[in-house]
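After the sequence you'll find the predicted model.
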Amino acid sequence: MICGACERNLPEGAYSGEQRGRRQSIRRCEECVAGGNQLVLMKKGRTRSEEDECPICSLPLPLDRKQSSIQVCCMKRMCLGCNLAAHKRGIRGCPFCRTPALTDDSKILAMIQKRVDAGDPVAMYFLGSQYQAGLLGLEKDVTRAVELYERAAELGVKEAHYNLGVLHARGTGVEKDVAKAFRHYEAAAMSGDVDARFNLGCLEKNAGNNDLALQHFLISAKLGCDGSLSNVKRLLMAGLATKADYAAALRGHQKAVEEMSSPNRAEAKALGFAKIQLV
């Protein structure tokens, strides 16, 4: 049995009865429990990756996906603040690679497929999301979406892991499998995916594992997740978190929100995506 803290393969006798009943990622040997050694799951993903930065302004992307957009030409996700700034300068194509804007779904789809064929994992994930939602003239096909997500996940796209976690947790287009949902959420969370970390906290809380839930919520609250900050407060009110926990979560959350903010982003949020295109 592998310990989720020291990652050693140890005999069953190295674990308490309670720990033996846990899945590998949250299981700790008696030595690690006694030493207070942290789970690898809680060590990794405490900061967002460089991939979560806007390639134009270099600020962390907003957690609200509606405040950023993917450019299908280069598969770069950029904030709407930079999109607005580009429109003000007369740039109507991609602000990053300057590819002219496309409006025809078939041409957009062909551009994405070309990148998929070339082995671009982000393009695989993005095409999967279009199949899942039935966009760009595609028929809704969750099975095809899962295939693309799995390819992208194998190549390290954390958003693909997150989407697979959601589908398996809900049983949407696939057989409901909470164990698979946990695995995909954990892979995404350890790569810095804030939504996956929040969902892990919710799953652990629903399972009565309040200590684990609190750890997940503290990590994601400090990355700017509003829902996690609210849940830390609820745990505090229930006597399951300390005032120090909530204070630390609040400070981290405020810092993360400030780092994601800019005048251009505030203006873009007030306008909305549709109106930005008219600037």
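Everything's here; your move.

so where is this structure shaky, pLDDT-wise?
Applying pLDDT under 70 to the chain picks out residues 279.

At the geometric centre of it, which residue do we find?
Asp193 (2.9 Å; CA atoms, centre = their mean).

Nearest residue to that residue in space, please, no chain neighbours.
Nearest non-adjacent residue to Asp193, counting by CB to CB, 6 or more residues apart in numbering: Lys158, 4.5 Å away. Placement of C-beta: from N, CA and C, glycine included.

dump the residue contacts of the one you found.
Contacts were defined as CB atoms under 8 Å, 6 or more residues apart in numbering; by that measure Lys158 touches 49, 187-188, 191-193, 196.

Now for the spatially closest residue to Leu41 that is not a sequence neighbour: which residues touch it?
The shortest distance from Leu41 to any non-neighbouring residue, by CB to CB, 6+ apart, is to Ser25 (5.0 Å). By CB under 8 Å, 6+ apart, the contact set of Ser25 is 4, 39-41, 182, 186.

again, but for Ala187
Neighbours of Ala187 in contact, by CB under 8 Å, 6+ apart: 153, 158, 161.

Quick check: phi and psi on the second one?
Here is the backbone geometry of Lys158 (degrees, to the nearest 10): phi -70, psi -30.

From Arg22, how far out is it?
Here Lys158 is placed at a distance of 24 Å from Arg22 (CB to CB, to the nearest Å).

sorry, back to before: which of the contacts of Ser25 sits closest to Asn206?
Relative to Asn206, the closest of the contacts of Ser25 is Phe182; by CB to CB it sits at 12.2 Å.

I'd guessed the closest one sits against Gln24; true?
No. With contact defined as CB atoms under 8 Å, Phe182 does not count as touching Gln24 (10.3 Å).

circling back to that earlier point, of the contacts of Lys158, buried ones?
Among the contacts of Lys158, those buried by neighbour count (16 or more other CB atoms under 10 Å) are 187-188, 191-193, 196.

of all the residues you listed, which two lie farthest apart?
Spanning the widest gap among those are Ala187 and Gly192, at 11.1 Å by CB to CB.

on that earlier part again, from the contacts of Ala187, pick the one nearest His253.
Using CB to CB, Lys158 comes nearest to His253 of the contacts of Ala187, at 20.9 Å.

need the helices for the stretch 151-279 of the chain, in chain order.
158-170, 178-189, 194-206, 210-221, 226-237, 243-259, 263-271, 273-276 (DSSP state H, counting those that start in this stretch).

List the buried residues in the last one.
By that I understand helix 273-276. Buried, per 16+ other CB under 10 Å, within helix 273-276: Ile276.

Which strands or helices does that helix pack on?
Using 3 or more CB pairs under 8 Å, 6 or more residues apart in numbering; DSSP states H and E, the elements in contact with helix 273-276 are helix 80-88.

Can you show me the CA trace of the helix it packs on as CSV?
What follows is helix 80-88, C-alpha atoms only, in CSV (Å, rounded to 0.1, in the frame of the first residue of the first chain):
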residue,chain,number,x,y,z
LEU,A,80,-11.2,40.3,-21.9
GLY,A,81,-9.3,43.4,-20.7
CYS,A,82,-6.5,42.7,-23.2
ASN,A,83,-9.2,41.9,-25.8
LEU,A,84,-10.8,45.3,-25.2
ALA,A,85,-7.4,47.1,-25.3
ALA,A,86,-6.7,45.5,-28.6
HIS,A,87,-10.0,46.5,-30.1
LYS,A,88,-9.3,50.1,-29.0
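
and the very next helix or strand once past it, what other elements does it pack with?
Using DSSP states H and E, the helix or strand that follows helix 80-88 towards the C-terminus is helix 105-117. Helix 105-117 sits against helix 121-133, with contacts defined as 3+ CB pairs under 8 Å, 6+ apart.

residues making contact with the helix it packs on?
The contact list for helix 121-133 (CB under 8 Å, 6+ apart) reads 70, 72, 75, 109, 112-113, 115-116, 135-136, 138, 140-142, 144-149, 151-152, 155-157, 159-160, 163, 173.
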